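1. kindly generate the corresponding structure for this input.
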Amino acid sequence: MMFRLVILSGPLQGQQISVGPQPMTLGRDPACELAIPDAELASRHALLEQRGEALVVRDLGTMNRLLVNRHEVREARLKHGDLVEIGRSRLLVQALVQAELDRAPGTSARPGRRVAWALVLTLGLLLALWAGLKLRNAARATRPPAAEPVHQPPPLPAAAETAAPSNPPATNPPAMSPVAEDVRRMRVELNLIREALRQLAAYTQAPPTSVTTQSLRIVPSESPPVPTNQPPRATPAAQPSLRLIALEQQRLPDRPEFDEMRLVHITLAPTADPPPAADAIRVRVTFYDRDDNTGAIAPTSALTLPAELVPPSDWNRREPITLTASCCVPHGLRDREAQAGRIMRFLGYRVQVYAQDRLQAEDARPPSLLSPELPSGGKDGNIPGL
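-> Residues are numbered from 1 along each chain as shown. Next up is the predicted model:
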């Protein structure tokens with residue numbers, strides 16, 4: 001099978017390179033079969049070779065990165081539609097037979113119907129995937145440890161046994177078992193995915209005539225602070241009632257509607273007695289992108305849900321709670337940003353925990369995103385400028 005590389009960005013943008021049966025070396029060295037004048041590339045960066053009917057890309061042991069569909073790899077088997085990134089160049093892989101079929105007249109459905117079917121199929125696949133994973137984890141869950149022997153106090157006198165306590169102690173909802181917590185977390189994740197698909201479907205079926213985007217201040221990483229009219233940065237409470245005990249980022253498989261899908265799981269634990277009420281707690285998650293051209297950092301223009309997280313009303317307030325936020329990059333958004341001169345890539349996120357409108361805890365990945373010069377917050381269900 002013959003393959004072709006379409007160069008989407010970089011010094012050779014716009015060129016189309018045929019890949020024959022002979023191995024092809026990619027790199028900065030002019031002696032390479034595909035020589036790319038890019039200082040970010042190694043002299044011999046990667047090798048393309050055909051193995052049977054498959055095209056394989058292999059890193060030649062450099063310190064630079066080789067990405068396939070935005071995942072760093074050492075070696076990968078490529079297929080039609082895969083995206084290879086080396087240095088500042090993005091290469092689209094096309095199998096020539098498949099590419100000709102894609103362009104054949106009469107083979108393309110109407111855009112609206114194609115999007116609708118793709119949304120339905122994607123949702124079904126995601127539901128099946130997450131249900132399968134969670135059921136497997138539940139089946140492997142170990143039995144709870146045997147209860148330790150409890151010392152029984154001597155029996156009370158008859159009068160004490162029959163006397164009813166005048167002030168019965170307050171009780172909290174029972175703590176959820178590990179399996180129940182997994183099920184609750186799975187439902188939250190599926191709801192986030194459904195909402196992201198619903199938002200994108202609504203925008204695709206009835207696109208607005210104009211898109212109003214949130215005004216964001218982009219701060220270059222090496223520039224001095226720029227005065228703004230933003231309110232002063234909140235300082236943590238002197239005696240916080242909540243603390244962050246875990247932050248976990250999860251990358252979901254890419255789908256036709258989304259080039260990138262990420263979840264962030266935030267685990268909180270109370271530190272005060274009594275803990276704050278669930279409806280008084282707000283958790284704000286801000287996702288950030290970085291422009292590779294300028295080094296500027298700003299809140300992402302991707303779809304982020306929700307703007308603020310709130311614990312469920314049945315939360316046992318003396319136990320830790322895990323909340324989940326999502327960031328989904330609609331298909332083609334990065335390409336449109338590149339056409340506008342911005343090579344945006346996901347950088348990280350910042351988490352802020354509030355109780356009674358007072359900042360209780362704050363953390364970020366990477367920690368540099370805690371800079372007070374970066375704007376935070378976002379619009380719930382923000383649809384990126386398409």
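2. going by C-alpha atoms from here, please, whenever you check contacts or count neighbours.
-> Noted.
3. where does pLDDT dip in the stretch 251-386 of the chain?
-> 254, 375-386 (pLDDT under 70).
4. for the residue nearest to residue 277 when sequence neighbours are not counted, what are its contacts?
-> Spatial nearest neighbour of residue 277, chain neighbours left out: residue 317 (7.5 Å); criterion: CA to CA, 6 or more residues apart in numbering. Taking CA atoms under 8 Å, 6 or more residues apart in numbering as the contact definition, residue 317 lies against 172, 270, 275, 276, 277, 278.
5. list the buried residues of stretch 27-36.
-> If you call a residue buried by 16 or more other CA atoms under 10 Å, then stretch 27-36 has these buried ones: 27, 28, 29, 32, 34, 35, 36.
6. what's the burial count for residue 18?
-> For residue 18, the tally of surrounding residues (other CA atoms under 10 Å) stands at 12.
7. what does the residue nearest to it when sequence neighbours are not counted show for phi and psi?
-> Leaving aside its sequence neighbours, residue 18 sits nearest to residue 4 (CA to CA, 6+ apart; 4.4 Å). Main-chain torsions, residue 4, degrees, to the nearest 10: phi -140, psi 140.
8. wait, residue 72 touches residue 58, no?
-> No: the pair residue 72 / residue 58 is not scored as a contact, 11.3 Å apart, by CA atoms under 8 Å.
9. who has more neighbours, those two?
-> Taking other CA under 10 Å, residue 72 and residue 58 do not tie; residue 58 has more neighbours (17 against 13).
10. dump the buried residues of stretch 27-36 into a markdown table; add distance to residue 349, secondary structure and pLDDT as well.
-> Listed next are those as a markdown table, based on distance: CA to CA, whole Å; DSSP: H, G, I helix; E, B strand; the rest coil; pLDDT from 0 to 100:
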| residue | distance to residue 349 | secondary structure | pLDDT |
| --- | --- | --- | --- |
| 27 | 33 | strand | 91 |
| 28 | 34 | coil | 90 |
| 29 | 37 | coil | 91 |
| 32 | 39 | coil | 92 |
| 34 | 37 | strand | 93 |
| 35 | 36 | strand | 93 |
| 36 | 33 | coil | 92 |
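11. of those, closest to residue 265?
-> Comparing the buried residues of stretch 27-36 against residue 265 with CA to CA picks out residue 27 as the nearest, at 39.0 Å.
12. pretty sure the closest one sits against residue 46.
-> Yes: here residue 27 reaches residue 46: they are 6.7 Å apart, a contact under CA under 8 Å.
13. tell me how far residue 25 lies from residue 55.
-> Here residue 25 is placed at a distance of 13 Å from residue 55 (CA to CA, to the nearest Å).
14. now the common contact residues for the two.
-> Overlap between the neighbourhoods of residue 25 and residue 55 consists of residue 48, taking contacts as CA under 8 Å, 6+ apart.
15. give the buried residues for stretch 72-87.
-> Using 16+ other CA under 10 Å as the burial criterion, the residues of stretch 72-87 that qualify are 75, 76, 78, 80, 83, 84, 85, 86, 87.
16. pLDDT of that stretch, averaged?
-> Mean pLDDT, computed over stretch 72-87, is 91.
17. alpha carbons only: can I get whichever strand or helix holds residue 58 in PDB?
-> Element membership for residue 58, per DSSP states H and E: strand 54-59. Presented in PDB, the C-alpha positions along strand 54-59 are these (Å, rounded to 0.1, in the frame of the first residue of the first chain):
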ATOM      1  CA  ALA A  54       1.500  -1.000   7.500                       C
ATOM      2  CA  LEU A  55       3.500   2.200   7.800                       C
ATOM      3  CA  VAL A  56       5.700   2.400  10.900                       C
ATOM      4  CA  VAL A  57       7.400   5.500  12.400                       C
ATOM      5  CA  ARG A  58      10.300   5.100  14.800                       C
ATOM      6  CA  ASP A  59      12.200   7.500  16.900                       C
END
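18. ok, then the element right after that strand?
-> Sequence-wise, the next helix or strand downstream of strand 54-59 (DSSP H and E) is strand 66-68.
19. quickly run through the sheet partners of the next helix or strand after that next one, with directions.
-> Tracing the chain C-terminally past strand 66-68 and defining elements by DSSP H and E, one meets strand 71-72 next. Strands flanking strand 71-72 in the sheet, each with its direction: strand 66-68 (antiparallel) (DSSP bridges).
20. can you tell me what sits against the strand it pairs with?
-> Contacts to strand 66-68, defined as CA under 8 Å, 6+ apart, come from residues 46, 59, 72, 73, 74, 76, 82, 83, 84, 85, 86.
21. the helices in the stretch 251-386 of the chain, which residues?
-> Assigned helices in the stretch 251-386 of the chain, in chain order: 333-339 (criterion: DSSP state H, counting those that start in this stretch).
22. and the strands in it?
-> Chain-ordered strands for the stretch 251-386 of the chain, with DSSP state E, counting those that start in this stretch as the definition, fall at 258-270, 281-291, 296-299, 303-305, 308-309, 321-330, 344-355, 358-365.
23. cool, and the stretch 1-150 of the chain?
-> When secondary structure is read from DSSP E, counting those that start in this stretch, the stretch 1-150 of the chain shows strands at 3-9, 16-19, 24-27, 34-35, 46-51, 54-59, 66-68, 71-72, 75-78, 83-86, 89-95.
24. before I go, just wanted to say thanks for your time.
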